[in-house]
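Student: Sequence first, then the predicted structure, then my questions.
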Amino acid sequence: MYGAADGQVPAARPPHAHGGHGHDGTAAHAMPMPGPDAPPFEREMARDMERMMREMHAPGYSGNRDIDFLAMMIPHHQGAIDMARLALIYGSDPLTRTLAQEIIASQQAEIEAMRGRLEALRKGGAAGGGEYPALSGTRGGGVSRQ
């Protein structure tokens with residue numbers, strides 16, 4: 001675990017603990033990019049994954065963990081939408097296609113909520129403030145507002 005909820009300083013993270021990606025957004029253990037003769041699904045998936053990683057790391061760190069989290073999660077969620085669209089284009093399993101449709105709908109709602117909260121935080125909104133609704137309704141019970 002990398003959090004310090006118990007007040008203890010977390011142990012140093014192993015080099016691969018950042019999801020296998022370099023601090024510059026490049027893949028530390030990159031899969032080879034499909035060649036021009038690869039199936040379209042593979043080429044498009046690789047393209048979308050590369051774009052997602054580049055956009056996740058593009059903002060850099062601001063020093064505000066909430067802003068950094070939201071700024072990186074928005075392209076992460078967009079990447080999920082892009083991958084789900086490819087599943088709809090190229091996939092054939094009805095249950096996987098249904099899941100892809102649900103991913104698109106839920107991730108779009110979450111992106112909208114994250115953009116709203118990010119804007120409020122960048123304008124100096126208070127933590128937990130009511131400037132933008134909580135992310136409830138997109139993941140079951142939602143975020144508690146104590």
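Tutor: All right, it came through fine. Numbering: from 1, shown residues only.

Student: any chance you could map the helices in the chain?
Tutor: Per DSSP state H, the chain carries helices over the ranges 40-57, 65-90, 94-122.

Student: would you turn the ones you listed into CSV with mean neighbour count and mean pLDDT?
Tutor: For every residue, glycine as well, the C-beta is placed using N, CA and C. Shown next, in CSV, are those (neighbours: other CB atoms under 10 Å; pLDDT from 0 to 100):
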stretch, mean neighbour count, mean pLDDT
helix 40-57, 16, 95
helix 65-90, 17, 97
helix 94-122, 16, 96
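
Student: what would these look like in CSV with distance to Pro34?
Tutor: Compiled in CSV, those are given as follows (distance: least, CB to CB, whole Å):
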stretch, distance to Pro34
helix 40-57, 4
helix 65-90, 13
helix 94-122, 21
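
Student: among those helices, which is nearest Met33?
Tutor: Relative to Met33, the nearest member of the helices of the chain by CB to CB is helix 40-57, separated by 5.4 Å.

Student: As CSV, could you dump the C-alpha coordinates of that closest one?
Tutor: In CSV, the C-alpha atoms belonging to helix 40-57 read as follows (Å, rounded to 0.1, in the frame of the first residue of the first chain):
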residue,chain,number,x,y,z
PRO,A,40,-6.8,-2.6,-37.4
PHE,A,41,-8.0,-3.4,-33.9
GLU,A,42,-4.4,-3.9,-32.7
ARG,A,43,-3.1,-0.7,-34.4
GLU,A,44,-6.0,1.4,-33.1
MET,A,45,-5.8,0.0,-29.6
ALA,A,46,-2.0,0.7,-29.5
ARG,A,47,-2.6,4.3,-30.8
ASP,A,48,-5.3,5.0,-28.2
MET,A,49,-3.2,3.6,-25.4
GLU,A,50,-0.2,5.6,-26.3
ARG,A,51,-2.4,8.8,-26.6
MET,A,52,-4.0,8.1,-23.2
MET,A,53,-0.6,7.7,-21.5
ARG,A,54,0.8,10.8,-23.1
GLU,A,55,-2.3,12.9,-22.1
MET,A,56,-2.3,11.5,-18.6
HIS,A,57,1.2,12.7,-18.0
